[in-house]
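S.K.: Quick one: sequence and predicted model below, then my questions.
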Amino acid sequence: MANEFYALLGRMRYITRWGLMRNTFSENIQEHSHQVAVLAHALALIRRDILHLDGPDPDKCAVAALYHDASEILTGDLPTPIKYYNPDIKLAYKQVEHIAGNRLLDMLPAQLRHSYESYVLEEDETLLPIVKAADKLSAYIKCVEEQKGGNTEFDSAATQTMAIMKALHQPELDWFIENCLPAFSLNLDQL
């Protein structure tokens with residue numbers, strides 16, 4: 001076995017997101033995964049340390065977020081309007097992601113597979129709500145950054161993504177939206 005797992009992870013920077021949209025700047029899944037990890041960690045900390053609610057370990061949330069799109073190294077990034085067009089496509093794509101995730105895991109030394117499995121296959125149900133919220137938050141931040149650049153192409157995506165985030169009814173996400181999200185609309189001098 002050549003242990004290609006880590007080399008393939010390095011190729012995340014070549015998988016571009018938002019393929020159906022006109023972008024003022026491109027975003028790849030490596031950048032996105034880093035941002036989702038930072039946001040997932042923050043959301044879990046907010047839940048625990050500010051809101052004093054039970055929840056998953058912030059460090060595990062960050063690690064899960066780093067690998068949440070790892071299967072896209074092999075599948076590419078399927079645009080959201082296609083991925084969620086109907087339940088059959090959504091289910092089929094989940095199966096493709098699972099197969100791709102297992103293929104990636106097979107590229108690890110056998111002794112390490114178990115340590116990565118729950119992250120790559122997104123099997124830890126306790127982490128998923130935080131990671132999914134951070135993923136949506138990252139998408140919304142991309143919309144805000146595009147809008148700051150004058151790109152109205154992302155107006156509808158911003159509205160839809162905010163509605164999805166509000167519908168999650170996650171107190172840590174609501175807290176972040178109210179207290180941290182406005183700063184993403186500021187320029188460097190304002191920050």
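M.R.: Cool, got the structure.
S.K.: thought residue 139 was touching residue 157?
M.R.: Yes - counting by Cβ atoms under 8 Å, residue 157 is a contact partner of residue 139 at 7.4 Å. Just so you know, the C-beta spots here come from the backbone N, C-alpha and C atoms, and that holds for glycine as well.
S.K.: out of these two, which sits in the busier spot?
M.R.: Higher neighbour count among residue 139 and residue 157: residue 139, with 23 against 19, using other Cβ atoms under 10 Å.
S.K.: ranges for the helices of this structure?
M.R.: Here the chain has its helices, by DSSP state H, at 5-10, 29-45, 58-67, 72-75, 80-83, 87-105, 110-120, 128-148, 155-168, 171-179.
S.K.: Just want the most central residue of this protein.
M.R.: Centroid-nearest residue in the chain, with Cα atoms, centre = their mean: residue 135, separated by 3.3 Å.
S.K.: residue contacts, it?
M.R.: 36, 65, 68 (Cβ atoms under 8 Å, 6 or more residues apart in numbering).
S.K.: What score does it have for pLDDT?
M.R.: Residue 135 carries a pLDDT value of 97.
S.K.: What separation is there between it and residue 114?
M.R.: 25 Å (Cβ to Cβ, to the nearest Å).
S.K.: repeat for residue 161
M.R.: Relative to residue 114, and taking Cβ to Cβ, residue 161 is found at 35 Å.
S.K.: cool, and residue 142?
M.R.: Remark: distance between residue 142 and residue 114 (Cβ to Cβ) = 34 Å.
S.K.: out of residue 161 and residue 114, which sits in the more crowded spot?
M.R.: The neighbour comparison of residue 161 against residue 114 (other Cβ under 10 Å) goes to residue 161, with 21 against 10.
S.K.: Look up how far residue 80 lies from the more buried one.
M.R.: In terms of Cβ to Cβ, residue 161 sits 9 Å off from residue 80.
S.K.: again with residue 177
M.R.: 20 Å.
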